[in-house]
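*Asks:* Need coordinates for the below:
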Amino acid sequence: MGDGKLGYFEKYLTLWVILCIIIGIFIGKFLPAFPEFLSTLEYAHVSIPVAVLIWLMIFPMMVKVDFTSIVNATKKPKGLIITWVVNWIIKPFTMYIFAVLFLTIIFSNFIDIGLQKQYLAGAIFLGAAPCTAMVFVWSHLSRGDPGYTVVQVATNDLIILFAYVPIVTLLLGISGLVLPYDTLVLSVVLFVVIPLILGYVTRKIIINRRGVKAFDHLLDVFGKITSVGLLLTLIILFSFQGNIILTNPFHIILIAIPLVIQTYLIFSIAYGWAFLWKLPHKIAAPASMIGASNFFELAVAIAISIYGLNSGAALATVVGVLVEVPVMLSLVGIVNKTRNKFI
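*Replies:* Residues are numbered from 1 along each chain as shown. I've put the predicted structure just below:
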């Protein structure tokens, strides 16, 4: 992808994504021993196999980061302001509004009252958690500024530590919500801090020893690794939840509707704002992707730890994973097609 164009593999990534989701669901249904074994390989609710595969997606992005660009990002605060406002002042509350409207009013005749509340809780868990890991993939596919993306993600991670519990508690209308901070901190360290440091070291060594041309060639190879990591991650994620998905097809559609509407709305707000503020496309793209995407690893872990693996809340967060990738790929397509509208 060094020439700025999507390669054959990336061009048809939506097709590969659909195939991998089908494969994952098939494995979960007919080869349950495989996901059962993988589910035992976790620490602090973080799946080690999924963490390794997410690393395959994130590390290539981190290698591209020039630390000078991180320093410069703080001198251009507009993209950060959009990210913070959309993610923390707008997104959790629009998610709540859409979830209440659809799951407890419009679809009330199709969903039991008890499940309505659990589905609502799952949607809230998703809406209050802006993306941490997958956004690096979306930024990579839309040719976003890697250094600026790191700053946007890192600052959101800091805000999550202080704002997530109060916002979720407020929207759920309950008290005593316990957030598994070990899950959150471990996710931040695994998916941001460590790959960023190793990416910097790798970049430095390759450029110093083999030159910029060899480094650019390596980036092309890494770009393919990112896509492969995404597909393998989907297979594992959906093998975990394959049986749940197959036994709740109608409810999955009902849950998906407000989630999809929310995603396109948040993207439109952030992307439109970036356009009006005349931000460069390489900053506007990841700024809009972070809000549209969700930190689903955290949302799924919290739903399971609080309500249980077979709960409606857990199902709602899994539906978030189900709809996120195809929808986000469609947004990547929109971002790439409108590149010439930006400076």
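*Asks:* So Ala270 sits against Pro286, correct?
*Replies:* No: contact criterion Cβ atoms under 8 Å: Ala270 and Pro286 do not qualify, at 9.8 Å. C-beta: built from backbone N, CA, C; applies to glycine.
*Asks:* what about the two, which has more around it?
*Replies:* Pro286 (31 against 27; other Cβ atoms under 10 Å).
*Asks:* Pretty sure that one sits against Cys131.
*Replies:* No: contact criterion Cβ under 8 Å: Pro286 and Cys131 do not qualify, at 9.7 Å.
*Asks:* and for these two, which residues touch both?
*Replies:* By Cβ atoms under 8 Å, 6 or more residues apart in numbering, Pro286 and Cys131 have these common neighbours: Trp138.
*Asks:* what sits against Ile252?
*Replies:* If a contact means Cβ under 8 Å, 6+ apart, then Ile252 has Ile245, Leu315, Val319, Leu322 as its contacts.
*Asks:* so which of these is the most crowded?
*Replies:* Counting by other Cβ under 10 Å, top hit in these: Val319 with 28 neighbours.
*Asks:* for the residue nearest to it when sequence neighbours are not counted, helix, strand, or coil?
*Replies:* Closest residue in space to Val319, ignoring its immediate chain neighbours: Ile255 at 4.4 Å, by Cβ to Cβ, 6 or more residues apart in numbering. Using DSSP: H, G, I helix; E, B strand; the rest coil, the three-state assignment for Ile255 comes out as helix.
*Asks:* shouldn't Ile255 be in contact with Ala314?
*Replies:* No: contact between Ile255 and Ala314 fails when scored by Cβ under 8 Å: they sit 11.5 Å apart.
*Asks:* ok, the two, which is more surrounded?
*Replies:* Ile255 (30 against 26).
*Asks:* From Tyr164, how far out is the more buried one?
*Replies:* Computed as Cβ to Cβ, to the nearest Å, the Ile255 to Tyr164 distance reads 21 Å.
*Asks:* Could you do Ala133 as well?
*Replies:* Taking Cβ to Cβ as the measure, Ala133 falls 16 Å from Tyr164.
*Asks:* Can you check the pLDDT for Phe125?
*Replies:* What the model reports for Phe125 is a pLDDT of 89.
*Asks:* Name the helix or strand for it, please.
*Replies:* helix 113-127 (DSSP states H and E).
*Asks:* Now the element after the host helix or strand of Trp84, going C-ward?
*Replies:* For Trp84, the element it lies in under DSSP H and E is helix 78-85. Where DSSP H and E defines the elements, the next helix or strand beyond helix 78-85 is helix 91-99.
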